[in-house]
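# okay, sequence plus prediction incoming.
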Amino acid sequence: MFSRTMKDKLFTAALRAALGLCLAVLAVLILAIIVAGAKAISFEFLFSPARDFGASGGIIYQITGTVLIGITASLLVLPFATSLAIYRADFVKSDRVKRMIDTSIYSLNGIPSIAYGLFGLIFFVNILGTGLSWFVGAIILALMMLPTVTLCAVAAMKSLPRGYRENGYALGLSRKDVVIRITLPQSLHGIVTGLMLGLARAVGETAPIMFIATAFSGVTLPGSFREPVSTLPTHILALAQQATNPDALANAWGASLTLVFLVFVLSALAFIARIRLSPLSERHT
Amino acid sequence: MTQPQLHLVGAPAPIPAIELRNFSACYGDLRVLKDVSLSVPARSVTCLLGPSGSGKSTLIRSLNRINDALPGFTTNGQVDIHGECCMTDFNDITRLRAKVGMVFQTPCVFPCSIAQNVLFGVRNRKLSKIEKSALVEKSLRSAALWQDVSDRLDAPAGALSVGQQQRLCIARALAVTPDILLLDEPTASVDPVSARNIEALISELKKDYTIVMVTHDVRQAGRVADHAIFLCDGEIIEQGTRDHMFSKAALPKTRTYLLEEFCDC
C-alpha cells in the first residue's frame, strides 16, 4: 500500500490539481473575453449610443444605466443590511431567533434571480403601476444584494472578540453607544466587502431587471425615476439574440469585456476601500 | 438547603459598599449561586476564593449586571450597591456600571491610541481638551502606568505589553470615576512581575475604591485581601477578614482549600 509520505504527496497533488483547474477555467474565460472583446473596444464604442439595436454604435447608455442601477441599489441596501446585521449581533439574545434570521437570509439568497424579476413585475409594474422604471430595478437588485451584504456584515460582527462589547458595556456604554463605537467601526470592512461582492453580482444580473427596468433600444439617460434604462447584461442578451449578425456578436463580446472590466473595477475599489477603511474602523474619538 | 455559615470575625463594623441577601443566580436550569448573603466593606479589598465552577465569576459579574446579556441568565434576591438595589433602583443600567467599574481576566484594549482607550467610557461627557488630558493623566497615574506611557499617549494601545494593557484597562475603568472596582482574575493572563505590579496597584487603589476581586491564587489573596469570601459549589462556606481566614480559627474546609488548594464539596 501507499506509504504515509506518498499519501501526503498524493493529497497535496490533488489539491493543487483542483486549484490548477479553477485557475485554468478562469484564465480561458477571461482570455476569450479579452481576445474577442478587444476587437470591438474603441473610444467610439465606449462613448457613443447604440444604433441598429446595438449592431452598430456604442454602449455609453448601457454603461451609465448599469452604474446608475448598481449605485442606487447599493445605497438602498446598505442601511437595511447593516441594521439587520446589527440587530442580529447586538439586540437578539435568543439563539433560536438568531437561527431563524440566518435561515431567512440564506433562503433569500437561494431564490432564483428570475423569481425576483417576476415579483418585481407583479408587485411594482402590475399592482403599483410603476411601468418600466430603473428605480424599481434598483429596488429589486437591492433585495438580491441584501443576503450577501447582510451575511458579510454578520460574519464581520461575529468575528469581533466578545471582550470588546463586554468591556464597552462594563464602561457604562449604552447599547446604542456599543453599536456606534464598537460594533459598526470594527465591522465596517466586512460591510464594504459584502456591498462590493453583492454589487459585483448585481451588475451582472439580467433576469431580475429585464421585465421591469430596462428597454432594449432607444434609451438615453433617464429624466425621472419612472423611465427605463438599458444595462450591459440586458444589452449583451439582446445582442446575443442577433448572433447571426457578426457585428452584433462582436459588440456583444465588447460589451462583455466592458462588464467584466466594470466588475473588476468594483472589486478593486472594494479592496482599496477595505484598506482605507481599516484606519477609520480604529478611530473612536 | 443549608444556610451559609457566616464567620465575620475580628473586623470593626464598616459601612458595606455592597450587600447581597439571599442572592441566587441560574443559567437556564443550572443554579450556580444558592442563597448567597454577604457584605463588602467600603475602601478595602475583598477577595472571592474558591475552586473552578464555585460561582465566583458569576457573583462578581452580577454586581454590575454584566451577565444580563447572557441568554437564560436569571437572578433572585437582593443586591445593594451603597444601599441602592442593583436590580430595581438602576433603571439606567449605564449609571450602575459607571458606579461599579469592571476589569476582566484577559486585557482587552480597543484598537485605538492609549489616550483614546482611557477616554473610551467618558466620551458622552462634555469635557474640554484640557479636562480630557488631565483625566488621561490622572487615570494613568492611578493605574501606575503614567511613567511608562506619558511620552506616547497617541501610540496604539495594542503595542503595550500584556501587563501594561491590563493596567490600561484599570486606568480606563478608573476614568469613569467609579466607587467600586470589580476585578475578575486580573493577573491570570499576565507574567509574574506584572502580576506583582498589579497587586501593588490594587493595594494602592483600595485607599479610594472598594475593590472586589476574584482570584484563583490563594497566596495572592493572602497578600492583597483585607477580607476574603470562600465559595464552593455556589454557596459561601466562610467569609471574614484575611487574618481570620488564614488563621487556625477558620473552618476546616476553608483551611484545607487555603493550604492545599483542594476542596471536596
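Good, I have the coordinates. Treat the numbers as computed from the prediction; the structure is a model and nothing was measured.

# all strands for the stretch 151-265 of chain B, in order.
According to DSSP state E, counting those that start in this stretch, the stretch 151-265 of chain B carries its strands in the segments B:180-184, B:210-214, B:227-232, B:235-241.

# nearest to residue A:16, of those strands?
When the strands of the stretch 151-265 of chain B are compared by CB to CB, strand B:180-184 sits nearest residue A:16, at 48.1 Å. Any C-beta I mention is one placed from the backbone N, CA and C, and that applies to glycine too.

# roughly how far out does the closest one sit from the chain middle?
In this view, strand B:180-184 has its centroid 2 Å away from the chain centroid, taken as CA atoms, centre = their mean, to the nearest Å.

# quick one: the strands in chain A, in order.
A:50-51, A:56-57 (DSSP state E).

# kindly report the same for the stretch 1-150 of chain B.
B:16-27, B:30-41, B:45-49, B:73-81, B:84-85, B:100-103.

# adjacent strands (with direction) for the helix-or-strand element of chain A with minimal mean pLDDT?
One helix or strand of chain A scores below all others by mean pLDDT, DSSP states H and E: strand A:56-57, with a mean of 80. Its sheet considered, strand A:56-57 pairs with strand A:50-51 (antiparallel) by DSSP bridges.

# settle this for me: residue A:38 is touching residue A:257, isn't it.
Yes - at 6.7 Å, residue A:38 counts as touching residue A:257 under the criterion of CB atoms under 8 Å.

# quick one: which of those two has more around it?
Per other CB atoms under 10 Å in any protein chain shown, whichever of residue A:38 and residue A:257 has more neighbours is residue A:257, with 20 against 12.

# okay, the more buried one: pLDDT?
Residue A:257 is assigned a pLDDT of 94 by the prediction.

# also the one 10 residues further on?
Looking at residue A:267, its pLDDT reads 83.

# correct me if wrong: it contacts residue A:196.
Yes - between residue A:267 and residue A:196 there is a contact under CB under 8 Å: 6.4 Å.

# of the two, who's got more company?
Taking neighbours as other CB under 10 Å, residue A:267 and residue A:196 compare with residue A:196 leading, 23 against 15.

# how many other residues sit next to residue A:45?
Around residue A:45 there are 20 other residues, counting by other CB under 10 Å.

# against residue A:262, how distant is it?
Noted for residue A:45: a distance of 14 Å to residue A:262, by CB to CB, to the nearest Å.

# next: residue A:175.
40 Å.

# where does residue B:209 fall, phi/psi-wise?
phi -130, psi 150 (degrees, to the nearest 10).

# state the distance from it to residue B:177.
Counting by CB to CB, the gap from residue B:209 to residue B:177 is 10 Å.

# repeat for residue A:88
34 Å.

# neighbour count: the two, which is higher?
For the pair residue A:88 and residue B:177, the greater number of neighbours falls to residue A:88 (20 against 17), based on other CB under 10 Å.

# check contacts around the more buried one.
A:98, A:101-102, A:154, A:157 (CB atoms under 8 Å, 6 or more residues apart in numbering or on different chains).

# not counting its neighbours along the chain, what's nearest residue B:93?
Distances taken as CB to CB, 6 or more residues apart in numbering or on different chains place residue B:65 nearest to residue B:93, at 6.0 Å, with adjacent residues excluded.

# am I right that the one you found is in contact with residue B:86?
Yes - in this structure residue B:65 lies within contact range of residue B:86 using CB under 8 Å: 6.5 Å.

# between these two, which one's more packed in?
residue B:86 (24 against 19).

# hang on, that one packs against residue B:79?
Yes - counting by CB under 8 Å, residue B:79 is a contact partner of residue B:86 at 4.1 Å.

# overlap of the contact sets of these two?
Joint contacts of residue B:86 and residue B:79 (CB under 8 Å, 6+ apart) are B:62-63.

# hang on, isn't residue A:190 packed against residue A:152?
Yes - the pair residue A:190 / residue A:152 is scored as a contact, 5.0 Å apart, by CB under 8 Å.

# which residues of the chain score low on pLDDT?
Went with chain A since none was named. Within chain A, the stretches falling below the threshold (pLDDT under 70) are A:1, A:278-285.

# that's the other chain; I wanted chain B
Along chain B, the model assigns pLDDT under 70 to residues B:1-15.

# kindly state the beta-bridge partners for the most centrally placed residue in it.
Of all residues in chain B, the one closest to the mean position by CA atoms, centre = their mean is residue B:182, 2.1 Å from it. Counting by DSSP bridges, residue B:182 forms beta bridges with residue B:102, residue B:212.
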